[in-house]
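Visitor: Quick check, what structure comes out for this input:
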Amino acid sequence: MIGEILFDKDDVTRSTVAVEIATASVDTLEANRDAELQGGNGFLNAAAFPKITFKSTGIERTGDKTGRIRGNLAMAGTTKPVTLDAIFDGEGVSEDGLMRVGFSATGALNTNDFGLTGLRTLNIGPELDFTIEVEAIDLSLEPARASAPGRITVPLRAD
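Guide: Got it, this is the predicted structure:
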């Protein structure tokens with residue numbers, strides 16, 4: 001997974017999220033199921049659509065540490081709007097000197113909206129609830145960029 005979070009604590013409406021996941025990285029801990037999920041004919045079709053992407057279109061604060069992220073999810077050649085309910089889990093500089101920020105989010109989608117009708121054979125969907133846990137690490141070599149008051153830019157990497 002790669003991506004970037006621009007988090008503005010003072011004005012979350014100026015924040016943005018962009019994430020890209022390699023479709024072939026979908027891992028259910030079952031090799032045969034993974035191969036089927038990544039195949040075509042109603043599945044993710046990783047060969048034709050190698051990336052799953054999400055890009056925010058708007059973020060709003062709904063509470064002291066909660067918010068709503070609206071964006072476009074592109075998967076299997078289809079792009080649809082998705083809304084995530086997010087929780088700001090915290091931020092800080094870790095012992096290794098890197099700025100870290102954590103978020104949790106939940107959302108729901110209908111797999112049929114993305115043409116993933118083959119998932120039914122695996123007893124998945126069509127209604128699918130999901131949870132996202134992210135601990136983002138500032139990978140920039142510009143400490144001032146990470147520590148600017150009220151603003152954090154965090155390129156993401158999967159650990």
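
Visitor: quick check: longest strand of this protein.
Guide: The longest strand of the chain (DSSP state E) is strand 78-93.

Visitor: Okay, now the sheet partners of it, with direction.
Guide: strand 66-75 (antiparallel), strand 99-110 (antiparallel) (DSSP bridges).

Visitor: could I get those as TSV with mean neighbour count, distance to residue 82 and mean pLDDT?
Guide: C-beta: built from backbone N, CA, C; applies to glycine. Shown next, in TSV, are those (neighbours: other CB atoms under 10 Å; distance: least, CB to CB, whole Å; pLDDT from 0 to 100):
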stretch	mean neighbour count	distance to residue 82	mean pLDDT
strand 66-75	18	4	97
strand 99-110	17	6	92
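
Visitor: Quick one: distance of the longest strand of the chain to the chain centre.
Guide: Its chain's C-alpha centre and that of strand 78-93 lie 7 Å apart, by CA atoms, centre = their mean, to the nearest Å.

Visitor: before we move on, what about stretch 103-123?
Guide: Counting by CA atoms, centre = their mean, stretch 103-123 comes out at 14 Å from the chain centroid.

Visitor: Could you tell me the end-to-end distance of it?
Guide: Stretch 103-123 has an end-to-end distance of 29 Å (criterion: CA to CA, to the nearest Å).

Visitor: just for the chain, where's the confidence low?
Guide: For the chain, the stretches with pLDDT under 70 are 139-159.
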